[in-house]
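Novice: model this:
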Amino acid sequence: MKNIKLLELELKNFKGVRDFKLVTNGNNVDVFGKNGTGKTSVFDAFTWLLFDKDSKNKKDAGIKTIENEEELHGLEHSVMALLSIDGEELRLKKIYTEKYTMKRGTTDQEFNGHETSYEINEVPTSRKKDFVDRVASIIDETTFKMLTNPLYFNENLKWQERRQILLDIAGDVDDNDVVDSNAKLAGLLDILGSHSVEEKRKQISAQKSKINDNLKMLPGLINEVDRGKPDLSALDKKDISSEIAFLTQEKNKKESQLADVRNGGLISELRNKKLTIENELMELDNKTRSANYELISEKQNEVSQQKIAVSSVSNIVDMAKSQLKIDQNQHEKLEKQKEEKIKEYFASVEQTFDEHRLTCPTCNQSFPEAQKEELIAKFNQEKAERSEKLMEEGKRLTNELDFVAESIESKTQELLEQEEELLNASALLVSLENELEKIKARQTNITDNVEYQELQKEIAVIEKQIESDNHSTTGREAEIQAEINKISEEIQKCQRDLMKFDLTISADARIEELRTDEKKYKQQYAELEKVDFMTEEFIRTKVSMLTEKINSKFKLARFKLFDTQINTGIKEICETIDNDGVLFNVSMNTGKKTIFGLDIIATLSEFYGVNAPVFLDNSESVTEPFDTDCQTIRLFARNEPELRVEEA
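Specialist: Residues are numbered from 1 along each chain as shown. Below is the predicted model of the structure:
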């Protein structure tokens with residue numbers, strides 16, 4: 001455990017504090033003063049010295065002394081801290097001054113900005129980098145702020161950063177343990193296969209979306225087919241068939257009467273020929289009507305099927321893009337991890353033994369040679385082991401990168417093929433829709449049929465011959481023929497009505513086929529919902545186990561890592577709460593925040609292996625004691641005109 005203690009902190013002309021020296025000798029101290037005397041400025045000075053930021057993590061905060069609403073000029077502003085790091089003293093100092101230049105040809109000085117100088121163990125250095133590197137060698141900035149400010153973890157870190165730190169401290173929960181702890185999750189690992197829960201949820205979401213699209217389309221298709229069905233409400237198939245039989249019988253009678261009226265074999269022959277041609281016309285008319293409907297119905301069916309196919313391929317393309325993006329993000333993450341490991345490896349290789357460690361820090365005498373050799377050997381062994389471990393981690397990351405790169409290449413090729421398939425399917429759909437429109441536009445009109453026109457001409461010729469050969473019976477024949485024509489029209493109408501039943505049967509069969517598809521899609525959706533529920537149950541179970549594991553690392557602080565949303569399911573968060581669920585950043589009072597912050601610092605100190613001085617501003621609000629192994633500098637608001645320090 002690295003122990004960092006603040007021995008002294010000296011402020012000169014810093015944020016209204018003209019000259020103040022805090023001497024702690026590494027002990028806990030209390031600083032008293034009324035508002036405006038500079039208690040918070042003491043903490044600000046410490047963080048400004050180390051990181052160029054105030055205690056609220058604000059950069060470029062003004063440090064000059066202000067009087068009568070104006071900054072005082074010509075002063076040197078400085079902060080010095082004497083630290084003890086595992087017993088070894090380190091003195092750091094930063095000086096901030098105004099810079100002036102002499103105007104040419106005059107004795108006037110012109111303000112030309114500010115400059116900052118630094119001292120390390122009373123040795124001046126003009127290079128900021130040397131100072132920053134020396135501070136960084138003690139501990140990194142974020143960790144140091146978390147360990148010195150009880151409010152920093154909750155008020156300055158993003159919730160994602162807080163969450164990751166907690167996971168690093170407690171460690172994740174193994175998926176197998178989660179499944180074993182909940183009987184409802186039996187078989188989930190087999191369902192997941194090589195996929196993670198998150199990947200499976202995305203896959204299920206895409207599949208459900210695809211099925212939903214198909215289910216939304218089906219009612220429209222069913223409606224379209226249903227609207228195309230003939231109206232049978234006023235028709236009865238049995239009655240129509242009986243009517244056709246009756247009318248045919250009546251027509252035959254009339255035709256016999258007509259034959260009796262006619263005289264001469266030629267007239268009879270001509271009329272029989274005319275009757276034959278009329279029957280051919282009727283048959284041709286029926287065939288034309290049936291062919292028109294079948295062509296349109298068949299092409300509409302092809303268009304509907306192709307729409308489903310396009311939707312299916314489009315969903316596959318979207319899913320492929322999503323999977324490719326996951327791999328690309330993973331590749332980028334692994335690249336960054338590999339770069340970090342390479343940096344760590346070379347840093348380890350270049351690390352040299354600190355010769356100061358061969359001298360006793362207390363009496364400044366050199367250790368015996370045997371002890372020196374043991375220290376050097378131990379350093380070299382640890383360095384070699386650390387380098388070897390970093391090299392192995394680098395190899396592992398390289399292998400993972402190769403694997404992910406192969407997956408990206410494979411999925412990219414698959415995506416190209418699927419996009420080409422979507423392009424082809426869309427083109428085919430457009431082609432089919434164009435064909436349908438053309439079919440509708442060119443529906444055959446029986447009167448435009450060449451064969452129909454020729455037959456009509458033959459009838460006209462025959463009628464002319466009959467009229468010419470039968471002047472004597474023209475009136476009666478015309479009367480009977482008119483009756484026959486009327487009956488024929490009624491028969492044709494009945495036959496057209498009868499055909500509507502066949503068209504309805506065909507349409508009903510298509511509707512039944514679509515409803516079967518609808519039932520199949522709903523069953524598939526229900527199965528996906530079942531797996532989706534299992535994944536949510538898995539997340540809820542893991543949440544509970546993970547939260548319990550993390551909370552066990554703290555005495556007071558509790559953490560809410562997930563929030564259940566009504567529509568979007570479980571959402572990752574990170575909120576500090578107490579046992580009653582009171583939120584740190586919403587409802588906790590200042591004193592309780594400080595106590596909870598100390599609890600968090602205790603766990604963080606143990607995890608990072610560092611004890612650092614903790615500044616407790618507004619300590620008068622803390623009414624409950626909290627034991628800590630860290631050095632504490634408590635800042636109390638008290639009606640005292642000047643800052644006063646006493647050992648706690």
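Novice: Quick one: low-confidence residue ranges for this protein.
Specialist: Where the chain drops to pLDDT under 70, the residues are 61, 68-69, 105, 107, 263-268, 443-444, 469-474, 566-569.
Novice: Give me the longest strand you can find in it.
Specialist: Of all the segments of type strand in the chain, defined by DSSP state E, the longest one is strand 88-102.
Novice: Mind listing what's buried along that strand?
Specialist: 90, 92-96, 98 (16 or more other Cβ atoms under 10 Å). (Glycine included, C-beta is placed from N, CA and C.)
Novice: got CSV for the residues you listed, with distance to E490 too?
Specialist: Formatted as CSV, the buried residues of strand 88-102 follow (distance: Cβ to Cβ, whole Å):
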residue, distance to E490
L90, 116
L92, 114
K93, 117
K94, 112
I95, 116
Y96, 112
E98, 114
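Novice: and the longest strand of the chain, what does it pack onto?
Specialist: Counting contacts by 3 or more Cβ pairs under 8 Å, 6 or more residues apart in numbering; DSSP states H and E, strand 88-102 packs against helix 39-51, strand 77-85, strand 109-120, helix 128-138.
Novice: Kindly export it (C-alpha atoms) in CSV.
Specialist: Output in CSV follows, covering the C-alpha atoms of strand 88-102 (Å, rounded to 0.1, in the frame of the first residue of the first chain):
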residue,chain,number,x,y,z
GLU,A,88,10.3,9.8,1.2
GLU,A,89,9.8,13.5,1.1
LEU,A,90,8.9,15.4,-2.1
ARG,A,91,8.7,19.2,-2.3
LEU,A,92,6.7,20.7,-5.2
LYS,A,93,6.2,24.4,-5.9
LYS,A,94,4.4,26.3,-8.7
ILE,A,95,4.8,30.1,-9.2
TYR,A,96,2.4,32.2,-11.3
THR,A,97,3.6,35.7,-12.2
GLU,A,98,2.7,38.5,-14.6
LYS,A,99,5.1,39.1,-17.5
TYR,A,100,6.1,42.6,-18.6
THR,A,101,8.3,43.9,-21.4
MET,A,102,9.9,47.3,-21.8
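Novice: Adjacent strands (with direction) for that strand?
Specialist: strand 77-85 (antiparallel), strand 109-120 (antiparallel) (DSSP bridges).
Novice: Quick check: A526 vs E350, distance?
Specialist: Counting by Cβ to Cβ, to the nearest Å, the separation of A526 from E350 is 62 Å.
Novice: er, V79 I mean
Specialist: Look at V79 and E350: by Cβ to Cβ, they are 32 Å apart.
Novice: And for G113?
Specialist: 37 Å.
Novice: Ok, D175 next?
Specialist: According to Cβ to Cβ, D175 and E350 sit 40 Å apart.
Novice: When those two are compared, which one has more neighbours?
Specialist: Relative neighbour count places D175 above the other of D175 and E350, with 16 against 7, counting by other Cβ atoms under 10 Å.
Novice: In this structure the more buried one contacts V197, no?
Specialist: Yes - assessed by Cβ atoms under 8 Å, D175 is found in contact with V197 at 7.5 Å.
Novice: Residues in contact with both of those two, list them for me.
Specialist: Common neighbours of D175 and V197 (criterion: Cβ atoms under 8 Å, 6 or more residues apart in numbering): F538.
Novice: Surely E512 forms part of a helix?
Specialist: Yes - using DSSP: H, G, I helix; E, B strand; the rest coil, the assignment for E512 is a helix.
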